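Asker: requesting a structural model of the entry that follows:
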Amino acid sequence: MNVTIKDIAAAAGVSRGTVDRVLHNRSGVNPEVAKRVREIADKMGFVPNKAGKILAARKQKITFAYLLPSSAKPFFDEVLKGVARAEKELSDYGITVDTHFFKDFKTETHIKEINKIAESGYSGLCITSLDTPEVQLAVHKLVESGIPVVSVNTDVPDSGRICYVGTDYQRAGKTAAGMANFTTDGNLNILFLTGSYNIRGHKERIKGFTEGLDSRSVKYTVIDTIEAQDDDECAYQKSVEYLKKNPDINCIFIAGSGCAGVCRAMNELNRKDVNVIAFDEVPAIKEYLHSGLLKFTIGQEPELQGYMGIQRLFSWLMEEGKRTSSDYITQTIIKIQENIAE
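Answerer: Okay, the predicted model is just below:
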């Protein structure tokens, strides 16, 4: 079994940070303590691994940034759990992660935050952002400056990012179409709610859903596609407006967040006949699934997305010039009342 910095720290009665500084010849450690740590490391047979040697050679602190929307918080809380898990696993290498948030879905807001990252000296960035030409250019400039970027949860292709970590949204949309075919009768009159027209993942979910309905010869009419900013209150107001204006609506497809707002509107208007199609496993969705208002939801392993995004950045730093990194696609998981956690 390989000896770790944690093992040496326990044997020497010092912190892992102290052991790390000694083994990587950094200052700030009492000479007698440093000598004792080295002796214990030699006695225990510690051999620095490749990653440790590379990071020691860089002679600089490695800090990654994660930039994500402040909305849809219950979902991204799970993503951040994965980020924290990766940060903990990589702590022996001195890796830390700072989290930053976009306050809205305006392109100029996203560009401003990306530019702040460029000026802050980060070693890499995980980003959940808009797929617009302006954002693509901002990310490309970041990559050109030497800061690797991984797009997480929703992709920003044509930007120079090293890879994408997240779900296959078109597959998720087609899966939802298959489930809708099993759980509804007759024609569908669909209202689509998206967080933002510029979120690639939301557009791909909608595209996959309509393609899935077409492949099954399901008859449907799209009433409208509207933005709800991944906000429950906005989703509630929009749902009330459209359900009153279009009583024929019998299906609401929520491409992003906002399920609690939609279900609140349905309850208020006594429209429990509407088939709501939602994604993920946030508390509100679990509640409505157990109550029977939702028939199913489709998960995408958010914790794993956060974890793998940071791990992909770390691996990129370790590749020493062999700069290739493949996408990591999480599972599309159908959840119903019987197999979703409370």
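Asker: going forward, measure contacts between C-alpha atoms and count neighbours the same way
Answerer: Noted.
Asker: distance of the closest residue to Val156 other than its chain neighbours from Lys174?
Answerer: Of all residues not flanking Val156 in the chain, Asp131 sits nearest, at 5.1 Å (Cα to Cα, 6 or more residues apart in numbering). As judged by Cα to Cα, to the nearest Å, Asp131 and Lys174 stand 21 Å apart.
Asker: how about low-confidence regions in the protein?
Answerer: Low-confidence segments of the chain (pLDDT under 70): 1-2, 47-60, 320-324, 342.
Asker: tell me where it has strands.
Answerer: For the chain, applying DSSP state E gives strands covering 62-69, 95-102, 124-127, 149-152, 163-166, 188-194, 220-227, 251-254, 275-279, 297-299, 328-329, 333-335.
Asker: list the helices and strands the last one packs on?
Answerer: Helices and strands touching strand 333-335, as assessed by 3 or more Cα pairs under 8 Å, 6 or more residues apart in numbering; DSSP states H and E, comprise strand 297-299.
Asker: same thing with the third one?
Answerer: The criterion is 3+ Cα pairs under 8 Å, 6+ apart, and the helices and strands that strand 124-127 contacts are strand 62-69, strand 149-152, helix 302-318.
Asker: list the neighbouring strands of the shortest one plus their orientation.
Answerer: This means strand 149-152. Applying DSSP bridges, strand 149-152 is found paired with strand 124-127 (parallel), strand 163-166 (parallel).
Asker: those: which one's closest to Ala72?
Answerer: For Ala72, the closest of the strands paired with strand 149-152 is strand 124-127, at 14.8 Å, according to Cα to Cα.
Asker: extract the CA atoms of the closest one and return them as CSV.
Answerer: What follows is strand 124-127, C-alpha atoms only, in CSV (Å, rounded to 0.1, in the frame of the first residue of the first chain):
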residue,chain,number,x,y,z
GLY,A,124,-7.9,26.5,-14.7
LEU,A,125,-11.6,27.1,-15.0
CYS,A,126,-14.8,25.0,-14.9
ILE,A,127,-17.7,26.9,-16.4
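Asker: returning to that earlier point: in a markdown table, list the strands paired with strand 149-152 along with mean neighbour count and distance to Phe314.
Answerer: Formatted as a markdown table, the strands paired with strand 149-152 follow (neighbours: other Cα atoms under 10 Å; distance: least, Cα to Cα, whole Å):
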| stretch | mean neighbour count | distance to Phe314 |
| --- | --- | --- |
| strand 124-127 | 27 | 9 |
| strand 163-166 | 24 | 13 |
